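Trainee: no FASTA, just this:
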C-alpha cells in the first residue's frame, strides 16, 4: 500500500447508515487518520456520508413502510391474476 494510504481508512465506513456507526467512526478513525495528509478531510467526508444516510433513512422509513403495508393490504384483497388462454 502507498505510504499515505492511511488517509483513506475512514472510507471503509462510509457504507454504514446509522447513528451508532457514527460514534464508532468517530472513536476509531478520528485519532488514526490525523497523521496522514488529507486524512482529516476524508474522515469528515465519510462521517458526513454516514450521517446523511442515517438522516435520510430516519425520514424515509415511515413513509416507505406505510407504502409497503398499503401494497401488501391491496395484494391480499385482490384475486390472484389468471393465465390467459393461448387462443385469446
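Mentor: Great, that's in hand. Because the structure is predicted, anything quoted here is derived from the model rather than measured.
Trainee: quick one: contacts for residue 23?
Mentor: Under the criterion of C-beta atoms under 8 Å, 6 or more residues apart in numbering, the contact list for residue 23 is empty. Every residue, glycine included, has its C-beta placed from N, CA and C.
Trainee: tell me the average confidence for the helix or strand hosting it?
Mentor: Residue 23 belongs to helix 19-33 when elements are defined using DSSP states H and E. Mean pLDDT, helix 19-33: 89.
Trainee: who's in contact with residue 19?
Mentor: Contact partners of residue 19, counting by C-beta under 8 Å, 6+ apart, are 51, 54.
Trainee: The same query, at a cut-off of 7 Å, please.
Mentor: With contact set as C-beta atoms under 7 Å, 6 or more residues apart in numbering, residue 19 has these partners: residue 54.
Trainee: what do you get for residue 26?
Mentor: Taking C-beta under 7 Å, 6+ apart, we find residue 26 in contact with no residue.
Trainee: same check, this time on residue 76
Mentor: Neighbouring residues of residue 76 by C-beta under 7 Å, 6+ apart: there are none.
Trainee: Could you measure from it over to residue 63?
Mentor: When distances are taken as C-beta to C-beta, to the nearest Å, residue 76 and residue 63 turn out to be 21 Å apart.
Trainee: Could you do residue 44 as well?
Mentor: With distances defined as C-beta to C-beta, the gap from residue 44 to residue 63 amounts to 30 Å.
Trainee: Good, wrapping up.
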